[in-house]
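K.L.:
generate coordinates for the sequence data below:
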Amino acid sequence: MHLQRTVVPFLLLLLPLTAVLAVIAAHRQAKLQKKEPPSPPAVRVSFGTDSWPMFRGNPQLTGTASGELPNRLALAWKFQTAGPIKSTPIAADGKVYITSTDQKLYTLDLKTGALLWSRELGEMEASALWTKSALYVGTTTGWFYAINPADGAVLWKYETKGKIAGSANFLNGRIFFGSYDGTLHALSPDGKALWTFQTESYLNGTPAAVPSAVIAGGCDANLYLIHPDDPGQVRRIDTGSYIPSSPAVYENLAYVGNFEGQLFCVDIQTAQIVWTSTHPDDAFFAVPAVNEQYLVVSSQKNKVLCLDRKTGGLLWTFRTEDAVNSSPVICGTKVLFGSNDGFFRMLSLADGKELWSANLAQPIVSSPSVVSNLVLVGCDDGFVYAWKQPD
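P.N.:
Numbers count the residues shown, from 1 in each chain. Here you go, the predicted model:
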């Protein structure tokens with residue numbers, strides 16, 4: 001009787017607790033069974049030009065693309081060649097054209113990376129130039145070729161007396177390129193020599209071109225401003241050290257760096273230096289990317305610098321683990337470039353902070369191109385990579 005009086009009240013006390021626990025258990029089960037609302041889809045962005053027909057994207061060699069890059073990229077496809085790729089992948093009419101040191105020019109489908117055709121021409125470090133009628137490209141053996149874009153057939157070839165390391169430019173029906181024979185060559189689209197201009201040393205880079213001048217930097221330390229129709233009309237600016245790369249032109253101003261870490265802004269009309277920005281710890285082998293506000297340039301001394309385009313004032317510096325010979329590209333508010341440390345990076349243009357990177361584990365000398373919502377770049381591992389916005 002005593003046990004009954006003790007147990008019954010205890011059980012009665014447990015009833016509310018049991019009910020509470022049951023309610024909690026039911027709530028948890030319902031929460032587990034309830035479907036969480038799906039994450040909102042990523043905002044799709046549009047970036048890149050409709051075509052990237054040449055090194056740096058245009059005859060002024062500005063290295064700029066329209067649109068706005070996403071904050072990170074995902075691999076769309078990659079294609080392997082048999083040698084390091086030093087050149088920029090160019091793209092037009094839904095195709096990618098890439099040269100390789102394995103002596104072949106490759107044509108790929110832009111969307112899939114599938115091989116369409118290849119043509120053996122000789123070792124190539126220079127990017128190809130695309131026009132509607134032909135592809136133009138030089139080899140390290142000194143031959144300059146015109147190629148049928150449809151099937152890779154050789155249309156004609158032109159011999160120089162030195163290695164062709166820089167890409168060709170095209171403006172107003174004329175082809176311009178330099179060679180290690182120290183000569184700037186001007187050809188017609190059918191391969192006839194229109195004129196030549198002799199410098200005092202190698203021409204390693206690509207000449208920029210505007211209607212009033214062809215602008216070329218030489219390993220003789222001179223920046224040349226040559227009339228497109230008359231090489232007798234030439235002005236030169238002595239920069240004090242050899243120029244291993246190419247100038248970029250924005251409006252009527254040319255921007256170029258030399259081996260001694262100096263960056264120059266030159267007025268094309270007057271041939272006068274507007275400003276000089278000196279960085280004694282740097283050596284510039286890459287082409288600056290230039291837009292309305294900024295100038296971004298890579299340094300062999302393991303860094304990328306951003307300057308105020310109008311004044312030459314330094315805005316920020318980004319340090320890498322090895323030399324940067326890849327010429328940067330500006331797209332919207334972001335900058336893309338590769339480095340010899342094997343990383344392909346995206347930085348904020350405003351402050352130089354890293355937003356995204358991919359470790360390709362081999363040096364990246366190739367300059368990227370941004371076309372039709374894809375970012376293309378070559379690598380010393382022999383691959384060309386195509387990056388897209390993540391799904």
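K.L.:
and the nearest residue to residue 246 once chain neighbours are set aside, how far from residue 157?
P.N.:
Leaving aside its sequence neighbours, residue 246 sits nearest to residue 205 (CB to CB, 6 or more residues apart in numbering; 3.6 Å). All C-beta atoms are positioned from the backbone trio N, CA, C, and that covers glycine. Using CB to CB, to the nearest Å, one gets 22 Å for the distance from residue 205 to residue 157.
K.L.:
looking at these two, which is more packed in?
P.N.:
residue 205 (28 against 13; other CB atoms under 10 Å).
K.L.:
quick one: residues contacting that one.
P.N.:
Neighbouring residues of residue 205 by CB atoms under 8 Å, 6 or more residues apart in numbering: 165-166, 178, 216-217, 243-247, 287.
K.L.:
how much space between it and residue 120?
P.N.:
25 Å.
K.L.:
same thing with residue 323?
P.N.:
For residue 323, the distance to residue 120 - CB to CB - is 30 Å.
K.L.:
residues near residue 156, how many?
P.N.:
If we define neighbours as other CB under 10 Å, then residue 156 has 14 of them.
K.L.:
specify the beta-bridge partners of it.
P.N.:
With DSSP bridges as the criterion, residue 156 is bridged to residue 146.
K.L.:
that one and residue 189 touch, don't they?
P.N.:
No - the criterion here is CB atoms under 8 Å, and residue 156 misses it with residue 189 at 9.7 Å.
K.L.:
any shared contact partners between the two?
P.N.:
What both residue 156 and residue 189 touch, as defined by CB under 8 Å, 6+ apart, is the set residue 146.
K.L.:
now this protein, which segments are flagged as low pLDDT?
P.N.:
For the chain, the stretches with pLDDT under 70 are 1-42.
K.L.:
rerun that using 50 as the cut-off
P.N.:
The model of the chain has pLDDT under 50 over residues 1-15, 17-24, 27, 30-36, 39-40.
K.L.:
ok, which stretches of the chain are helices?
P.N.:
2-33 (DSSP state H).
K.L.:
and the gap between the residue nearest to residue 149 when sequence neighbours are not counted and residue 384?
P.N.:
With sequence-adjacent residues excluded and distances taken as CB to CB, 6+ apart, residue 149 is closest to residue 135, at 5.3 Å. Distance, residue 135 to residue 384, using CB to CB: 16 Å.
K.L.:
re the thing from before, greatest separation within the contacts of residue 205: which pair is it?
P.N.:
Greatest spacing in those, by CB to CB: 165 and 247 (15.6 Å).
K.L.:
so those two - more neighbours on which side?
P.N.:
Legend: neighbour count by other CB under 10 Å for residue 165 and residue 247, higher for residue 247 (28 against 23).
K.L.:
quick check: closest non-adjacent residue to the more buried one.
P.N.:
Spatial nearest neighbour of residue 247, excluding adjacent residues (CB to CB, 6+ apart): residue 256 at 4.0 Å.
K.L.:
cool, and residue 66?
P.N.:
Nearest to residue 66 is residue 49, by CB to CB, 6+ apart, at 5.7 Å.
K.L.:
and that neighbour, bridged to which residues?
P.N.:
Counting by DSSP bridges, residue 49 forms beta bridges with residue 371.
K.L.:
check contacts around it.
P.N.:
Residue 49 neighbours (CB under 8 Å, 6+ apart): 57, 65-66, 370-372.
K.L.:
measure it to residue 63 for me?
P.N.:
Distance, residue 49 to residue 63, using CB to CB: 12 Å.
K.L.:
give me the common contacts of the two.
P.N.:
With CB under 8 Å, 6+ apart as the test, residue 49 and residue 63 both reach residue 57.
K.L.:
OK, contacts around the residue lying closest to residue 136 once chain neighbours are set aside?
P.N.:
Spatially, and ignoring its direct neighbours in sequence, residue 136 is nearest to residue 129 (4.4 Å; CB to CB, 6+ apart). By CB under 8 Å, 6+ apart, the residues touching residue 129 are 53-55, 90, 135-137, 167-170, 175.
K.L.:
same deal with residue 250?
P.N.:
Per CB under 8 Å, 6+ apart, neighbours of residue 250: 60, 62, 290-292, 309.
K.L.:
likewise for residue 133?
P.N.:
Shown in contact with residue 133 (CB under 8 Å, 6+ apart): residue 189.
K.L.:
now it. Its backbone dihedrals?
P.N.:
The phi and psi values for residue 133, taken as degrees, to the nearest 10, are phi -100, psi -20.
K.L.:
what about it, distance to residue 185?
P.N.:
18 Å.
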